[in-house]
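1. pasting the sequence and the predicted model now:
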Amino acid sequence: MTVIKAEKNRHDKRRGHGLSHESEYHHYNSIEQALGDALAAYDITGLEICADGTVHRFDTTDKAKGNRNGWYVCPSLKVAVYGFWHTGEQHTITTGGKADPDAAAEARLAAQRAREQRDAERRQQQAKTAEQARRWWATAGAAHPDHPYLAKKRLAPHGLRQRDAMLLVPLFYGGELVNIERIYPDGAKKALFGGRAKGVAGLVGKLAGAERVLIAEGWATAAALHEAMGLPVVVARNADNLEAVACRLRQRLPDNVTITLAADDDHFTDGNPGATKARLAALAIGAKVLIPTFCADCQRCTDFADVALCRQERGL
């Protein structure tokens, strides 16, 4: 946690570095003024700052409206602590002069309260979302085979359900349904708000009795692989979740069951996150990586679902 001894500071705006430098020793008349100036360095302005000792949340400018990733708390009229949940960045600021031990202690306690409150709010929202997911799943009907998304991908529903025009992909954690990914007719995908995200996974096929299991990012990729290879495929939803899902799956399955990461090949994207994250996940559990092979002149395919569809269209 960075302690800023004077009020007026210019911050390194590179998110995630948690840096604060070039401190200008400037005394402020109030902690509200000091905190407002510090937040302005992150392009956060117009907040009505309340120095009431409680944790307050606000939107950050680098995420969508309503993200509430920023927070601050003023444990006294001379000290404030602020930070950003999504980067882990955290700072303490004072009205000016030297930061005394009492102020530092107040800051540590305030930051701890902020973390505890955030964790409690997150658990409460995740429980609420899980209840919504179970209710939606229980009341939804079987997915229609002619749903526009399934028709476009030329895939069977494989146990998906449907609510109005949305396909529902159940997402599990610890054996319990905790969230749902909605797939819209145009292919847009969105999980329920506030639900657990890290480590959750879907499944195409059955794990029971399997000797080999694949892990893929999206549901369509998992379904295409299942249809082509007859293996169960775990759905991680995105590249960032591959390692968490792989580690949990390795812990759950017997040692004699082989796990293979079926990577997306995002060769049109800088850093190729699909292949990169799949290799990292495989390294974490000692698994192998399966990479799709594209047609020589293909300019659109990035995953196994794309490859399957492309070959069908070309009659291969």
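-> Received, thanks.

2. pLDDT weak spots in this structure?
-> Residues of the chain that meet the criterion pLDDT under 70 lie in 1-26, 97-101, 103-104, 314-316.

3. in it, which helix has the most residues?
-> In the chain, taking DSSP state H as the definition, the longest helix is helix 101-139.

4. got the buried residues for that one?
-> Within helix 101-139, the residues that qualify as buried are 103, 106-107, 110-111, 113-114, 118, 126, 129-130, 132-133, 136, counting by 16 or more other CB atoms under 10 Å. Bear in mind the C-beta positions are built from the backbone N, C-alpha and C, glycine included.

5. correct me if wrong: residue 291 contacts residue 274.
-> No. In terms of CB atoms under 8 Å, residue 291 does not count as a neighbour of residue 274; the distance is 9.3 Å.

6. can you give me the helices for this protein?
-> According to DSSP H, the helices that the chain contains are 31-40, 101-139, 148-153, 219-229, 242-252, 273-285, 304-314.

7. the fifth one packs against which elements?
-> Other helices and strands packing on helix 242-252, by 3 or more CB pairs under 8 Å, 6 or more residues apart in numbering; DSSP states H and E, are strand 212-216, strand 258-262, helix 273-285.

8. hey, which of these is tucked in deepest?
-> Counting by mean count of other CB atoms under 10 Å, strand 212-216 has the highest mean neighbour count of these, with a mean of 24.

9. partner strands of that one, parallel or antiparallel?
-> strand 233-235 (parallel), strand 258-262 (parallel) (DSSP bridges).

10. need the residues that contact that strand.
-> Here strand 212-216 makes contact (CB atoms under 8 Å, 6 or more residues apart in numbering) with 207, 222, 225, 229, 231-236, 242, 245-246, 249, 253, 257-262, 264, 281, 290, 303-304.

11. give me the ChimeraX select line for those, limited to the buried ones.
-> Remark: buried members of the contacts of strand 212-216, expressed as a ChimeraX selection using 16+ other CB under 10 Å:
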select :222,225,229,231,232,233,234,235,236,242,245,246,249,257,259,260,261,262,264,281,290,303,304
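
12. isn't residue 190 right next to residue 182, touching?
-> Yes. Residue 190 lies in contact with residue 182 (CB under 8 Å); the separation is 5.2 Å.

13. between those two, who's got more neighbours?
-> residue 182 (17 against 11; other CB atoms under 10 Å).
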